[in-house]
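Asks: fold the following.
(2 chains)
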2 protein chains.
Amino acid sequence: MENLEEKIENEKDTNKKEELLYQLFKKNKEETFVFFKEKPIAEIIDFFYDLENEEILEFIRMFEIQRQGDIMTELDRDIQHWIFNNIEIIEFADIFKYVSSDIRADFYQSLEKDEQSKLLPFLEKKTRENVISLSSYHPETAGGVMVTDFATIMINMNVKQALDKIRKDSPSKKMIYYIYVVDKNMKLLGFVTLKDLIMADFSDDISAIIHDEYTFADVDEDQETVARKIEKYDLIAIPVLNSSGQLLGIVTHDDAIEVIRAEQTEDLERIMGITQSPEELGYLETTSFQHFKKRVGWLVILAIVGIVSGMIIHSFEETLQTLIILALYMPMLADTGGNIGSQSATVVIRALALGEVRLRDWLRIIFKELKIGLMLSLILGAIAFIKILYLSFDTTVPPEFTLFKVALVISIALSLQVVSSALIGTSLPLIVRSFGGDPAVAATPAITTIVDITGLLLYFTTATILLGI
Amino acid sequence: MENLEEKIENEKDTNKKEELLYQLFKKNKEETFVFFKEKPIAEIIDFFYDLENEEILEFIRMFEIQRQGDIMTELDRDIQHWIFNNIEIIEFADIFKYVSSDIRADFYQSLEKDEQSKLLPFLEKKTRENVISLSSYHPETAGGVMVTDFATIMINMNVKQALDKIRKDSPSKKMIYYIYVVDKNMKLLGFVTLKDLIMADFSDDISAIIHDEYTFADVDEDQETVARKIEKYDLIAIPVLNSSGQLLGIVTHDDAIEVIRAEQTEDLERIMGITQSPEELGYLETTSFQHFKKRVGWLVILAIVGIVSGMIIHSFEETLQTLIILALYMPMLADTGGNIGSQSATVVIRALALGEVRLRDWLRIIFKELKIGLMLSLILGAIAFIKILYLSFDTTVPPEFTLFKVALVISIALSLQVVSSALIGTSLPLIVRSFGGDPAVAATPAITTIVDITGLLLYFTTATILLGI
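Replies: Next comes the predicted model:
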């Protein structure tokens, strides 16, 4: 047995490591428990990836109750539900007490009304009140993300009294770095750090070392704004206050990272025209139909708007009949426009999101994209010209035109398409943002559709004018 | 003056606030300094957005030297360079001493060789050695991101001795939460938290409360892996070790957030076929030519690969001559394929990045996308059918075909394109990842080009078979 555990400790390859761990688990559950006893929760959760739900439950039950709560905190929502439905409610309530307060609220909100009524009576009064209170906030606000697990001291204390209180309160508190100074109504007056307390003398007054200027979040503030504050001020945690300035909870730096990750997925999906839903499950847990519903919306809208492109093409039907060769290069125009427009949009959306540019810089942005578009149009126009000469070498061309002239005209049209797509791709997010909307919304499919329309207009107009059709 | 400052404090609108601050600055620089004296650095940096470089320098000089270093730490690289070039080297060296160690190394690496030689002699020995040492690491590794600012204690101490040492060492150290326990060779033995020290008795041995199982980063580890560890284990900081287990520095949670943000921008740009460069400046600071260079690469490659689409179209030239109507709908096929392929790719790339799926889940992923593709193909095929009947109502159709039949065939081809694009969009990132590559690389333009080719083949093959051309 020793051998297998040593092999596991030394195994670098995560896949092999998981296989070995699973072998160990099948052989001797006790030994597996001993192996994981002091490990970080994240590694236990990794281990669960290959286990059946029944095995997960069996393993969790080997731990003492507080750690069971820690593990439950990090489990996927669907496994939490499975456990809820497959053990006695009284055992679930015992574990639930030790689950992190923000996760407890999230889980409670995800239950049906009858399930909520089933759970509540079995919770301790303190837990029950906390769950109900936190569940009253919208999940994507500071109130919906915060934990109610923080350390407080009073302003009229000195350092020794403060340290004594912290020692008394702390065993149940996970992370203490900022100690919040409150009055008897829980109104936040400021904070001190553990470092401040250690550096000071026991007899120093808290009022002498308190930081009374601090950043905070409002309980109804959007979670992304809160995450940005944590990021901007390099905070480990940010206090959450109500309108009376009372301290309700804290949002921690690790929650900020989760919010930022989720925000990135949202942005990327929005750019691709995939709709968001409030309760986001993982990719595999989301059913095909749910995936379909998220994606079909924008695709249908754009298919309908695409009628406009269709109408433009049809109005030039005779032109196309005359010069079939023009039809052959419509896809090239569509593709190039879409790629360039999406690139431009992406770059601008990111620059806006990262605070590298502001809306008032719009003129500089447009001007820059114009220059970039011109450079790209020269290269891509030249390549297109050579491509057309090579591909359409033996294509029928009516006698009044030459291949050279037609190729030149198509290349010019492509160059115009490049510049125009770059400008459109840049402008759309800025316009949307100036109306207070999310610049990322459906950027790629919307821009693809728009540059189609403008591209076709440019194409046929150029051909008609320069070829005298 | 009081009035203006109160107005500023109460002003919620950030734009108005900045205008007022600038007014205050123009009127009375002293008062502005007093206003900002205790504010977080991040707000001072915001204030600088509207100032000229000379004004920024003037303002920084009003602070005491340590705070000048703090401010310099957060300035944009180009402003740091401007200051370097516009003040006496000896003054710059004085401020540089108090700049954060990781930023010092980054700045030093960004200097030309002669500028480096100009600066080094003016640095204190300790600073000079630190800068040279940190600059030896690749910027995007743990070594390149870490700070050398951390607290250490010896294992043979008791809690009282540990606290005494921390008090003695700490004034210059920014953030203390983990205290690292090292031996006389700086080999990392474990850590304790400030909370642990406070909860213990003065006479307790460090060896009794030390956490000897800990997560760490290797000095050459990629910064994104380090950020993921910080995220996974909810760390405030992670120790960075060399191959001998010696503690070289720490990477903090706020650096993790910066790395994650940068990673997201990279992913998004890669998906759009925009090349990365190691030294990333902000959008406006990057010249148009630099933007052009980042984007032209993939566009040219795809323009050349696009010859294949062109060849396919040309080989079906006669078919198109017969049924000009087929040419009219080629853009619709190109667009739909591109949008759907990009959507699928995006969803898979994100799911892989967030750890929601693993490479071994590929069969489940493909199967799911197949179902989603089928559902989308039904809807979009139906819409296409109606679109064609409406748009091509009076298009010339050769007598042996009916509009109804042609519309049906094109719609079927589109449906096949939808399913095939979804599968291709899904598979490409998985295939790239299975070869150890970055699944996001040029996803959108690459997929657009590929589904063009397959789409055209599907289109013409379907038309040829079903219409008997």
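Asks: tell me where the stretch 51-200 of chain A has helices.
Replies: A:53-60, A:65-74, A:77-86, A:89-96, A:101-110, A:113-119, A:125-135, A:142-145, A:159-169, A:194-199 (DSSP state H, counting those that start in this stretch).
Asks: which is the next helix or strand following the host helix or strand of A:Leu248?
Replies: A:Leu248 belongs to strand A:247-252 when assigned by DSSP states H and E. Later in the chain than strand A:247-252, the nearest helix or strand by DSSP H and E is helix A:253-271.
Asks: by contact count, what packs against that following helix?
Replies: When contacts are defined as 3 or more C-beta pairs under 8 Å, 6 or more residues apart in numbering or on different chains; DSSP states H and E, helix A:253-271 packs onto helix A:223-232, helix A:330-353, helix A:443-467, helix B:223-232, helix B:253-271, helix B:330-353. The way it works is simple: take the backbone N, C-alpha and C, and place the C-beta from them, glycine included.
Asks: distance of the residue in the stretch 51-200 of chain A that chain B sits nearest to relative to A:Pro121?
Replies: Here the stretch 51-200 of chain A gets closest to chain B at one residue, A:Leu194, 4.2 Å apart by C-beta to the nearest C-beta. For A:Leu194, the distance to A:Pro121 (C-beta to C-beta, to the nearest Å) stands at 39 Å.
Asks: which of those two has more neighbours?
Replies: Taking neighbours as other C-beta atoms under 10 Å in any protein chain shown, A:Leu194 and A:Pro121 compare with A:Leu194 leading, 21 against 9.
Asks: circling back to that earlier point, distance from the strand holding A:Leu248 to the middle of the chain?
Replies: 21 Å (C-alpha atoms, centre = their mean, to the nearest Å).
Asks: show me which positions of it end up buried.
Replies: A:247-252 (16 or more other C-beta atoms under 10 Å in any protein chain shown).
Asks: A:Leu414 and A:Ile386 touch, don't they?
Replies: No. Look at A:Leu414 against A:Ile386 with C-beta atoms under 8 Å: they stay out of range, at 12.0 Å.
Asks: which one of the two is surrounded by more residues?
Replies: Set A:Leu414 next to A:Ile386 and count neighbours by other C-beta under 10 Å: A:Leu414 wins out with 28 against 14.
Asks: which helices and strands does the biggest helix by length in chain A pack with?
Replies: When chain A is scanned for its longest helix (criterion: DSSP state H), the result is helix A:403-434. If you count contacts as 3+ C-beta pairs under 8 Å, 6+ apart, helix A:403-434 packs onto helix A:324-328, helix A:330-353, helix A:362-391, helix A:443-467.
Asks: any stretches of the stretch 1-150 of chain A with poor pLDDT?
Replies: A:1-2 (pLDDT under 70).
Asks: could you do the stretch 151-300 of chain A as well?
Replies: In the stretch 151-300 of chain A, residues with pLDDT under 70: A:171-173, A:175, A:277-281.
Asks: swap the cut-off to 90 and go again
Replies: A:167-177, A:194-195, A:198-199, A:212-214, A:224, A:228, A:232, A:234, A:258, A:260-300 (pLDDT under 90).
Asks: coming back round to it: the buried residues of strand A:247-252 into a markdown table, with extra columns for distance to chain B?
Replies: Shown next, in a markdown table, are these (distance: C-beta to the nearest C-beta, whole Å):
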| residue | distance to chain B |
| --- | --- |
| A:Leu247 | 19 |
| A:Leu248 | 21 |
| A:Gly249 | 17 |
| A:Ile250 | 14 |
| A:Val251 | 13 |
| A:Thr252 | 8 |
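Asks: list just the nearest of these to A:Trp298.
Replies: Nearest to A:Trp298 among the buried residues of strand A:247-252: A:Val251, at 32.2 Å, using C-beta to C-beta.
Asks: beta-bridge partners for that closest one, please?
Replies: A:Ile238 (DSSP bridges).
Asks: report the separation between the residue of the stretch 51-200 of chain A closest to chain B and A:Ser170.
Replies: Taking C-beta to C-beta, one finds A:Leu194 at 11 Å from A:Ser170.
Asks: again with A:Ala303
Replies: 60 Å.
Asks: give me the neighbour count for A:Tyr214.
Replies: The number of residues packed near A:Tyr214 is 18, by other C-beta under 10 Å.
Asks: surely it is within a strand?
Replies: No. The assignment for A:Tyr214 (DSSP: H, G, I helix; E, B strand; the rest coil) gives coil, which keeps it out of a strand.
Asks: torsion angles phi and psi at it?
Replies: Backbone geometry at A:Tyr214, expressed as degrees, to the nearest 10, gives phi -150, psi 160.
Asks: same thing with A:Val397?
Replies: The phi/psi pair for A:Val397 (degrees, to the nearest 10) is phi -130, psi 130.
Asks: with adjacent residues omitted, what lies nearest to it?
Replies: A:Leu403 (5.5 Å; C-beta to C-beta, 6 or more residues apart in numbering or on different chains).
Asks: next one, pLDDT for the residue in chain A sticking out farthest from the centre please.
Replies: Distance from the C-alpha centroid of chain A, by C-alpha atoms, centre = their mean, peaks at A:Pro399 (58.2 Å). We have a pLDDT of 79 for A:Pro399.
Asks: Three-state assignment for it, please.
Replies: coil.
Asks: on that earlier part again, more neighbours: A:Ala303 and A:Ser170, which one.
Replies: Taking neighbours as other C-beta under 10 Å, A:Ala303 and A:Ser170 compare with A:Ala303 leading, 24 against 14.
Asks: the more buried one and B:Ala384 touch, don't they?
Replies: Yes. Contact criterion C-beta under 8 Å: A:Ala303 and B:Ala384 qualify, at 7.0 Å.
Asks: list the buried residues for stretch A:143-160?
Replies: A:143-153, A:157-159.
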